[in-house]
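J.: What follows is a predicted protein model with its sequence.
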Amino acid sequence: MAERSTIKRPALATSPLAEGSARSQIPSFMVMDVMRAALAHESAGGSVMHMEVGQPGTPAPKAARAAVARALEADTLGYTMALGCDRLRERIARHYNDWYGVMLNPERVVMTTGSSAAFVLAFLGVFDAGDAVALPSPGYPCYRHILTTLGQKPVTIQTGSATRWMPTADQLAGAVRQESVKGLLIASPANPTGTMLEEGRLAELVRVCRQEGIWFISDEIYHGLTYTRTAETALAHSDDVIVINSFSKYFSMTGWRVGWMVVPDRLVRVLERLAQNFYISPPAVAQAGALGAFDGMDELDANRRVYAQNRTLLLDELPKAGFENFAPADGAFYLYCDVSSLTNDSHAFARTILEETGVAVTPGIDFDAERGQHFIRFSYAGTTEDMAEAVRRLKRWSDQRRQA
């Protein structure tokens, strides 16, 4: 029998094709890395209290799940239009009247594959390559990473206790003069701080954007999860803004990947063309569930009351474990804690906490590249029992450190 010939191929590692594109060289979304480490800890037999990821510990409301069950039996669940299901768009428009007293044409509602797709569509729809966009720091890291990947330039506005962890109109005007920014993206309540714009500042920021001829993008994903006062929508101050929201947080539907945008009339067709080419349509089954979720508001409000209990528990008990200095916890389900008295390396500190206590937290370096080494974020989206257990572990760990 003839011998088989052996073909030698170059090692893959030597090929430039293995390097990935230049635009792909962005940092990881660190909270997902922390979650992976937490799951590995669990797989190895450890017990983990999950305070790292901003994910409700509750399932989608029963009404959403029932709507999906009906759709699975009765519908083909094929493509919807790129802008989404008309019935869902109409229901979201009614939601704005119910919650904010804002009358909204349903044709301005654009359904998306989670809020993440909405950011991609918004950034592509109104900014060109090289355009600068202002973002508060600390802030949700994926804003920066998506902009960078699209060839745009994130410009961070440093916030802190002096500005109540939100950008001011003067800071925005300075960014326009110094960096020629083409837009501002802001979330209220914010991730990671949980802080909300105080009364009047949202209107002021919208006004400055209008005067400067730049876009105002409002991330309202944590609306419905507030504890000091009700959140405002940017649509109350102008129709010429872009609002982004999702069914992930208040509606407790993170894995369903369905979100929405409200945009000016002149952008609807722009975003429709982009959505047709990038996504074809949002998932039909997720849209069916989202429509049903509006019939589960009592259940969702009960979830919010649990978060409120968790917030109170942590604000009372975490200082006893040495975690004392928090940003104002107005909304969302986060506490952003200054741990500079405990560490100057939040990434290593979070890893130590996980390894030694089984409590998973997110290092602030994920949200603020310059000052985040002195901060960590606690998520209190889990059960009250889990939050209480996490505090017990952290207090016991703190006591052991003091005695060592």
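T.: Good, I have the coordinates.
J.: switch to C-alpha atoms for all contacts and neighbour counts from now on
T.: Fine.
J.: How is Arg210 assigned, secondary-structure-wise?
T.: helix (DSSP: H, G, I helix; E, B strand; the rest coil).
J.: Ignore what I typed, I meant Leu135.
T.: Leu135 ends up strand, using three-state DSSP.
J.: Report the beta-bridge partner residues of it.
T.: Thr156 (DSSP bridges).
J.: Let me see the contact set for it.
T.: Neighbour list for Leu135: Tyr143, Arg144, Pro154, Val155, Thr156, Ile157, Leu184, Leu185, Ile186 [criterion: C-alpha atoms under 8 Å, 6 or more residues apart in numbering].
J.: Would you mind writing the CA trace of the helix or strand hosting the first one as CSV?
T.: Taking DSSP states H and E as the criterion, the element that holds Tyr143 is helix 141-149. What follows is the C-alpha trace of helix 141-149 in CSV, where atoms were taken according to Å, rounded to 0.1, in the frame of the first residue of the first chain:
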residue,chain,number,x,y,z
PRO,A,141,-18.5,50.8,28.8
CYS,A,142,-20.2,49.4,25.7
TYR,A,143,-21.0,53.0,24.6
ARG,A,144,-17.3,53.6,24.2
HIS,A,145,-16.5,50.3,22.7
ILE,A,146,-19.3,50.4,20.0
LEU,A,147,-18.3,53.9,19.0
THR,A,148,-14.7,52.9,18.7
THR,A,149,-15.5,49.9,16.6
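J.: which strands and helices sit next to it?
T.: Counting contacts by 3 or more C-alpha pairs under 8 Å, 6 or more residues apart in numbering; DSSP states H and E, helix 141-149 is packed against helix 114-126, strand 153-158.
J.: To Met253, which of the ones you listed lies closest?
T.: Smallest distance to Met253 across the helices and strands packed on helix 141-149 (C-alpha to C-alpha): 9.8 Å, for helix 114-126.
J.: quick one: which of the helices and strands packed on helix 141-149 is nearest Pro27?
T.: strand 153-158 (13.9 Å).
J.: Next, the angle from the closest one to helix 141-149.
T.: 150 degrees (axes from the mean of the first three to the mean of the last three C-alpha atoms, to 10 degrees).
J.: And the lowest-mean-pLDDT helix or strand in the chain, what does it pack against?
T.: Between all helices and strands in the chain, the lowest mean by mean pLDDT, DSSP states H and E belongs to helix 30-43, at a mean of 81. Secondary-structure packing of helix 30-43 (3+ C-alpha pairs under 8 Å, 6+ apart): strand 359-360, strand 362-363.
J.: so which of the ones you listed comes closest to Pro106?
T.: Of the helices and strands packed on helix 30-43, the one closest to Pro106 (C-alpha to C-alpha) turns out to be strand 362-363, at 37.7 Å.
J.: for the stretch 201-350 of the chain, what spans make up the helices?
T.: 201-212, 265-278, 284-293, 297-317, 346-357 (DSSP state H, counting those that start in this stretch).
J.: Quick check on Ile186: phi, psi?
T.: When read as degrees, to the nearest 10, the backbone of Ile186 gives phi -140, psi 150.
J.: what's the burial count for the closest residue in space to it that isn't next to it in sequence?
T.: Distances taken as C-alpha to C-alpha, 6 or more residues apart in numbering put Ser218 closest to Ile186, at 5.4 Å, once the chain neighbours are dropped. By the criterion of other C-alpha atoms under 10 Å, Ser218 has 23 neighbours.
J.: Can you name the residues bridging to Ser218?
T.: Those that pair with Ser218 in a beta bridge, by DSSP bridges, are Ile186, Val243.
J.: any idea how far it lies from Ser346?
T.: Going from Ser218 to Ser346 by C-alpha to C-alpha, to the nearest Å gives 29 Å.
J.: check contacts around Tyr222.
T.: By C-alpha under 8 Å, 6+ apart, the contact list for Tyr222 reads Ser188, Pro189, Ala190, Lys249, Tyr250, Gly331, Ala332.
J.: what about 10 Å?
T.: Neighbour list for Tyr222: 187-191, 194, 231, 245-251, 331-333 [criterion: C-alpha atoms under 10 Å, 6 or more residues apart in numbering].
J.: for Glu204, what are its contacts?
T.: By C-alpha under 10 Å, 6+ apart, the neighbours of Glu204 are Thr168, Ala169, Arg210, His237.
J.: ok, back up a step: right, so of the helices and strands packed on helix 141-149, which gets closest to Arg269?
T.: helix 114-126 (10.0 Å).
J.: Quick one: list the elements packing against the closest one.
T.: strand 109-112, helix 141-149, strand 183-187, strand 215-219, strand 242-246, strand 259-262, helix 265-278 (3 or more C-alpha pairs under 10 Å, 6 or more residues apart in numbering; DSSP states H and E).
J.: if we go to 8 Å?
T.: Applying 3+ C-alpha pairs under 8 Å, 6+ apart, we find helix 114-126 packed against helix 141-149, strand 242-246, strand 259-262, helix 265-278.
J.: With just CA atoms, put the shortest one into PDB.
T.: Right, strand 259-262. Presented in PDB, the C-alpha positions along strand 259-262 are these (Å, rounded to 0.1, in the frame of the first residue of the first chain):
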ATOM      1  CA  GLY A 259     -35.600  46.900  22.800                       C
ATOM      2  CA  TRP A 260     -36.800  50.000  21.100                       C
ATOM      3  CA  MET A 261     -36.000  53.600  19.900                       C
ATOM      4  CA  VAL A 262     -38.100  56.700  19.600                       C
END
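J.: Could I get the phi/psi values of the closest residue in space to Asp240 that isn't next to it in sequence?
T.: Nearest residue to Asp240 in three dimensions, chain neighbours excluded: Pro264, at 5.5 Å (C-alpha to C-alpha, 6+ apart). Torsion angles at Pro264 (phi, psi; degrees, to the nearest 10) stand at phi -60, psi 150.
J.: Pro264 and Leu235 touch, don't they?
T.: No: assessed by C-alpha atoms under 8 Å, Pro264 is found out of contact with Leu235, at 10.1 Å.
J.: what about those two, which has more around it?
T.: When Pro264 and Leu235 are compared on other C-alpha under 10 Å, the one with more neighbours turns out to be Leu235, at 21 against 15.
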